[in-house]
Structure formats: C-alpha cells, structure tokens
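Participant: all I have is the shape, not the residue letters:
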C-alpha cells in the first residue's frame, strides 16, 4: 500500500458513523466500532476489506458484522486481540493480512480505535517505512498507549531496529 499518498477522500471517511475515525490514506482508515448501518454502507464508500481487531463477543460488537461485510462482496478478517494481552504474533498476523490486501481500500477497526491505531502505526513504520514520529500522530489522536500496548510497540520497533519512544 502506498502510505505516503495524500488522503483525498477525507470527507468520506469522516462520514463513517464510528468513534475515533482516523483517515490514514485514501486506501486506509482506522476507527472504533462502526454502527451496523455504517457497515452496510462501506462498499458504497469504496471500501473493499474490513479488518476487525477485537474479539467478536465484546459487548459493543455488531454480531452480524461478518455477514454484513460478506453481503457486500468485501473481505472480512477478524483478529480477536485480547485488549490487555496484545502479542507480537497478533501484529505479525495483522501485517501479513494487510499486506496481502495490496491496494484494496481497507477499514481497520476495533471498539474504540486503540488496537487498530496501534497496529496500523506499527504496520506503517515497519512495512511502509514511514517516519515513526509522523505515523504516531494518528495514534495520538486517539490515545497514548501504555502497559502491554506500549510494550508491544517497543518490542516490535526494537525487533525491526526502529528507534522511537511512544509517548
């Protein structure tokens, strides 16, 4: 994915009914849990894939999300990351899936955009070779990772010899 490209359809992403919508590029957006109605309109906004990073049984999950996405002939992937136990394996799986989607327009979401913003940041920096300081701005719009999430970031960054201290 070309992550350095400008985001030309910010208004479309902003119309997504979900908490903490953060447009990254024209092809990538992260957010919290969209409403069922918002999910039903994703194909009309040009989305081709959804990566959902929370366990499907969390309280605010849209139970039929996989069916809603499937009916639109879109790709749906769920990586059920336990919030207080993210792993490097979770990141590797996420990175492989996102990379495999190529140039598809993708929505990466979780409940509030904490999991999603962090995983997208790591992907942008490790795979996309983006400047960590600039890429981290998207995370800081949502939260300041701490505990296991900050540790995950540090572990992945260190493994890839990327010097950056999340704040």
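Facilitator: Now that the structure is in, tell me what you want to look at. Because the structure is a prediction, the values reported are computed rather than measured.
Participant: I'd like the next helix or strand past the helix or strand of the chain at the bottom of the mean pLDDT ranking.
Facilitator: When the helices and strands of the chain are scored by mean pLDDT, DSSP states H and E, helix 10-14 comes last with a mean of 45. Following helix 10-14 in sequence order, the next helix or strand is strand 22-25 (DSSP states H and E).
Participant: tell me which strands that next one pairs with, and in which orientation.
Facilitator: If you go by DSSP bridges, strand 22-25 pairs up with strand 28-31 (antiparallel).
Participant: and the next helix or strand past the partner strand?
Facilitator: Per DSSP H and E, strand 28-31 leads on to helix 36-40 as the next helix or strand towards the C-terminus.
Participant: helices or strands up against that following helix?
Facilitator: If contacts are counted by 3 or more CB pairs under 8 Å, 6 or more residues apart in numbering; DSSP states H and E, helix 36-40 sits against helix 65-71. Backbone N, C-alpha and C define where each C-beta goes, glycine included.
Participant: would you list the strands that the next helix or strand after the helix it packs on pairs with, along with their directions?
Facilitator: Moving toward the C-terminus from helix 65-71, the next helix or strand (DSSP H and E) is strand 75-78. If you go by DSSP bridges, strand 75-78 pairs up with strand 49-52 (parallel).
Participant: from the chain's centre, how far out does the partner strand sit?
Facilitator: What separates the centre of strand 49-52 from the centre of its chain is 8 Å, taken as CA atoms, centre = their mean, to the nearest Å.
Participant: same question for that strand, mean pLDDT?
Facilitator: Taken as a whole, strand 49-52 has an average pLDDT of 98.
Participant: for the protein, give me the ranges with low pLDDT.
Facilitator: Applying pLDDT under 70 to the chain flags residues 1-14.
Participant: surely residue 54 touches residue 81?
Facilitator: Yes. With contacts counted by CB atoms under 8 Å, residue 54 reaches residue 81, the gap being 6.8 Å.
Participant: cheers, nothing more for now.
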